[in-house]
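Trainee: coords please:
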Amino acid sequence: MTARVTAYFSIGMALNSQGSYEEVFEQLTDGLSWSSGWSQSWSSPTKSAIFQARSRLGHEPVRELFRRVARPLADADTPGSWLAGRRLVALDGTCLDLPDTPANAEHFGRPGSSRGEKSAFPQARLVALAECGTHAVFDAAIGPCRTSERELTHDLFDTLEPGMLLLADRGLYGFDMWTRAAATGADLLWRVKSTLS
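Mentor: Coordinates of the predicted model:
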């Protein structure tokens, strides 16, 4: 598997997360054969070959591709995307279950459960900037589950720009965060705790 095909495969796995390696690869190669005018064809690799190809590729090319193409998508008529002439964007976080591998467990960690045990799966914390009307994610930061949303958020403020209205959860409010986000020229509308005076 070439690096280009492996990158396409990684995208395909994200778009069809319920599909098996074989199903995704079959869809991918049908598309690649069609785009070459049926002059090229691919035979299905083994699961081991796919795993090795993904390991060789690493995360850097996929991350760079995301940085190059991820952007807000709404035009002037897209419902739910604008308020008072400002592009509505939101900042929020979540945790994602990851494959149960020793490498994932070591890097991302396993959160504790209510019974004092560890979670069944390693988890990554994801914080993303998304356009409200289209739900297009145009910037994101991922880290170990023990990393706070506030810590990951610092890397996202550089994506904000004048003409955006940023909505955020009350857990993100703090003077340093507010100051940094406001310095981008974006307008801010954040929830705060009721005890804030």
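
Trainee: for the lowest-mean-pLDDT helix or strand in the chain, packing partners?
Mentor: The weakest-scoring helix or strand in the chain, judged by mean pLDDT, DSSP states H and E, is helix 21-35 (a mean of 79). When contacts are defined as 3 or more Cβ pairs under 8 Å, 6 or more residues apart in numbering; DSSP states H and E, helix 21-35 sits against helix 3-15, helix 47-57. C-beta here means a position set from N, CA and C on the backbone, and glycine is covered the same way.

Trainee: can you pull the buried residues of the first one?
Mentor: Applying a neighbour-count criterion of 16 or more other Cβ atoms under 10 Å, one finds 5-10, 12-13 buried in helix 3-15.

Trainee: which two in those are spaced the farthest apart?
Mentor: Spanning the widest gap among the buried residues of helix 3-15 are 5 and 13, at 12.6 Å by Cβ to Cβ.

Trainee: domain parsing for the protein?
Mentor: Using the TED database, the domain ranges for the chain come out as 3-68, 71-190.

Trainee: is the most centrally placed residue in the chain in a helix, a strand, or coil?
Mentor: Note on the chain: the residue nearest the mean C-alpha position is residue 140, at 5.1 Å, using Cα atoms, centre = their mean. Classification of residue 140 by DSSP: H, G, I helix; E, B strand; the rest coil places it in strand.

Trainee: do you know the pLDDT at it?
Mentor: Looking at residue 140, its pLDDT is 95.

Trainee: number of nearby residues for the closest residue to residue 196 other than its chain neighbours?
Mentor: Leaving aside its chain neighbours, residue 196 sits nearest to residue 173 (7.4 Å; criterion: Cβ to Cβ, 6 or more residues apart in numbering). The number of residues packed near residue 173 is 16, by other Cβ atoms under 10 Å.

Trainee: hmm, residue 173 is touching residue 195, no?
Mentor: No. With contact defined as Cβ atoms under 8 Å, residue 173 and residue 195 do not form a contacting pair (11.5 Å).

Trainee: roughly how far does residue 7 sit from residue 13?
Mentor: Distance of residue 7 to residue 13, given as Cβ to Cβ, to the nearest Å: 11 Å.

Trainee: hang on, residue 71 packs against residue 136?
Mentor: Yes. With contacts defined as Cβ under 8 Å, residue 71 counts as touching residue 136 at a distance of 7.4 Å.

Trainee: the more surrounded of these two?
Mentor: residue 136 (16 against 10).

Trainee: I figured the more buried one hits residue 130, correct?
Mentor: Yes. Using Cβ under 8 Å, residue 136 is in contact with residue 130, at 6.4 Å.

Trainee: next one: residue 168 from residue 88, what distance?
Mentor: 12 Å.

Trainee: can you give me the strands in the protein?
Mentor: Along the chain, counting by DSSP state E, strands occupy 82-83, 86-97, 123-131, 137-144, 164-168, 187-190.
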